[in-house]
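Novice: predicted model, plus sequence, below.
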Amino acid sequence: METIIGLVVLAVVGLWLVAIYNKLVTLKNRFKNGFSQIEVQLKRRYDLIPNLIEVAKGYMAHERETLEAVISARNQAMAGLQAAAKDPSNAAAIKELSGAEGVLGGAMARFNVVMEAYPDLKANQNMMQLSEELTSTENKVAFSRQAYNDQVTEYNTYKQTFPPNIVAGFFGHGEDAELLEYEDREAMQTAPKVSFT
């Protein structure tokens, strides 16, 4: 009889551990999928920026430094995205991407300020179309980033609670996932306002 009770208790504990492990894996896969949604939108934005700069070059010949700063920041952000996309659970890579996005946001904000001095450029049909696409993409990035951060928070909260925190450490879920937050929040609040009309 004691053997049967012992086996039942052991089976219940085993099932309980399996359930915790499976939930950890499910939550981790959700935030990784959430990051892939961000990746799609950021790639689209990174593809739009050179087109925007190319149109602006004809009008902003004296603003070469600003244009180069935007392209440099875009390239840095692309490199950060590639590193983070390899492993969205790597906190250092997500922090690097966050910093690069903050720099890009600041460069785009400066670009927008300089643009105000060029009314002909603001009225250019190609620039208006690109700015509309960029604004739409910025909104999608913000939405995807919010969904990702919600999923990361859910994962971190679950794995930090008891008893999942014990199980998490044994099965490679020890490190918290990193939220994607931009270091230069003020610049990023300015950057999505890409209205040239």
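Specialist: That came in fine, so what should we check first?
Novice: does residue 51 really touch residue 130, like I thought?
Specialist: Yes: the pair residue 51 / residue 130 is scored as a contact, 5.6 Å apart, by Cβ atoms under 8 Å. For glycine as for every other residue, the C-beta is placed from the backbone atoms N, C-alpha and C.
Novice: and those two? Which one has more around it.
Specialist: Set residue 51 next to residue 130 and count neighbours by other Cβ atoms under 10 Å: residue 130 wins out with 21 against 15.
Novice: residue 2 versus the closest residue to that one other than its chain neighbours, what's the distance?
Specialist: Nearest in space to residue 130, with sequence neighbours left out and distances taken as Cβ to Cβ, 6 or more residues apart in numbering, is residue 52 at 4.9 Å. Distance of residue 52 to residue 2, computed by Cβ to Cβ, to the nearest Å: 75 Å.
Novice: which one's more surrounded, those two?
Specialist: Taking neighbours as other Cβ under 10 Å, residue 52 and residue 2 compare with residue 52 leading, 23 against 6.
Novice: quick check: next helix or strand after the longest helix that the chain contains?
Specialist: Taking DSSP state H as the criterion, the chain has its longest helix at helix 2-57. Where DSSP states H and E defines the elements, the next helix or strand beyond helix 2-57 is helix 64-86.
Novice: and the next helix or strand past that following helix?
Specialist: helix 91-115.
Novice: next secondary structure after that next one?
Specialist: helix 119-123.
Novice: just give me the neighbour total for residue 39.
Specialist: Neighbours of residue 39 (other Cβ under 10 Å): 18.
Novice: who's in contact with the closest residue to it other than its chain neighbours?
Specialist: The shortest distance from residue 39 to any non-neighbouring residue, by Cβ to Cβ, 6+ apart, is to residue 85 (5.1 Å). When the contact criterion is Cβ atoms under 8 Å, 6 or more residues apart in numbering, the partners of residue 85 are 35-36, 39.
Novice: what are the buried residues along stretch 38-49?
Specialist: 38-39, 41-42, 45-46, 48-49 (16 or more other Cβ atoms under 10 Å).
Novice: dump it to CSV, restricted to CA.
Specialist: Taking Å, rounded to 0.1, in the frame of the first residue of the first chain, the C-alpha atoms of stretch 38-49 are listed here in CSV:
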residue,chain,number,x,y,z
ILE,A,38,9.1,43.3,-34.4
GLU,A,39,11.9,42.1,-36.7
VAL,A,40,9.6,42.2,-39.7
GLN,A,41,8.5,45.7,-39.1
LEU,A,42,12.0,47.0,-38.2
LYS,A,43,13.4,45.5,-41.4
ARG,A,44,10.7,47.3,-43.4
ARG,A,45,11.6,50.6,-41.6
TYR,A,46,15.3,50.1,-42.3
ASP,A,47,14.5,49.5,-46.0
LEU,A,48,12.5,52.7,-46.2
ILE,A,49,15.1,55.0,-44.6
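Novice: all set now, cheers.
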